[in-house]
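[1] Quick one: sequence plus predicted model below, questions after.
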Amino acid sequence: MPSDLISTPPAPLSPQGSEIDAGAWWPKIDVNAARDQVNIGGAIPHPRLVEALQQGAISAIDELREWQAAQLAAGHSKLEEVAPNPKVDGKTRLELLFISAVCSFAAARLAERNPDLTATREGSDRADQRRAMADDFRREATHAIRQILGKPRTNSELI
């Protein structure tokens, strides 16, 4: 029995085509894809997410400044030109790692800046969880940066 019900997908939480442009050398960050990548959902409004992604891009670029300068000196005019840089699902490995770092830095910022305002024990527990989540996101960002730099994920020394 046919139905007269027509299903339409929900509108994106950020305007379609919203991007963060970190400069010609770096890939653009799709705001809706970033929202999905770190599982933000609709809890964070578009302007706050954009600001967090901008700050995340600044953090990632700051961490990669010397490496980028070396790549530019080697004649690479874009991140995607740096070799070896195999493609995964249409994007280069380095693009995916950069996007991961930006999104993780942004998610850490959002977790830190959106604490519960309640003074109850339950609110305090949630705040502790958010701080731990921010640390996890920051660690993921650091891992992505270190992979771009060609360094191991951890740095240890004998004491």
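    In hand now; what should we look at?

[2] give me the low-pLDDT residue ranges for the protein?
    1-3, 7-12, 115-125, 154-157 (pLDDT under 70).

[3] Pick out the residue closest to the middle of it.
    residue 103 (0.8 Å; Cα atoms, centre = their mean).

[4] count of neighbours near the nearest residue to residue 55 once chain neighbours are set aside?
    In this structure, residue 55 finds its nearest non-sequential neighbour in residue 109, 5.6 Å apart by Cβ to Cβ, 6 or more residues apart in numbering. (Each C-beta comes from the backbone N, C-alpha and C, glycine too.) Per other Cβ atoms under 10 Å, the neighbour tally for residue 109 reads 21.

[5] hey, C-alpha coordinates of the helix or strand harbouring residue 109 in CSV?
    Residue 109 belongs to helix 93-113 when assigned by DSSP states H and E. What follows is helix 93-113 as a C-alpha-only set of coordinates in CSV (Å, rounded to 0.1, in the frame of the first residue of the first chain):
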residue,chain,number,x,y,z
ARG,A,93,46.9,11.5,3.9
LEU,A,94,48.2,14.8,5.0
GLU,A,95,44.9,16.6,4.3
LEU,A,96,43.1,14.1,6.4
LEU,A,97,45.6,14.4,9.3
PHE,A,98,45.4,18.2,9.2
ILE,A,99,41.6,18.2,9.2
SER,A,100,41.7,15.7,12.1
ALA,A,101,44.0,18.0,14.1
VAL,A,102,41.9,21.0,13.5
CYS,A,103,38.6,19.2,14.4
SER,A,104,40.2,17.7,17.5
PHE,A,105,41.6,21.1,18.7
ALA,A,106,38.2,22.6,18.1
ALA,A,107,36.4,19.8,20.0
ALA,A,108,38.8,20.2,22.9
ARG,A,109,38.0,24.0,23.0
LEU,A,110,34.3,23.3,22.9
ALA,A,111,34.5,20.7,25.7
GLU,A,112,36.4,23.2,27.9
ARG,A,113,34.3,26.2,27.1
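
[6] burial count for residue 126?
    By other Cβ under 10 Å, 14 other residues sit near residue 126.

[7] any idea how far it is from residue 98?
    Remark: distance between residue 126 and residue 98 (Cβ to Cβ, to the nearest Å) = 31 Å.

[8] next one: residue 55
    Residue 55 sits 15 Å away from residue 98, going by Cβ to Cβ.

[9] cool, and residue 57?
    Going from residue 57 to residue 98 by Cβ to Cβ gives 9 Å.

[10] Need the overlap of contacts for those two.
    When Cβ atoms under 8 Å, 6 or more residues apart in numbering defines a contact, the residues bordering residue 57 and residue 98 alike are residue 26.
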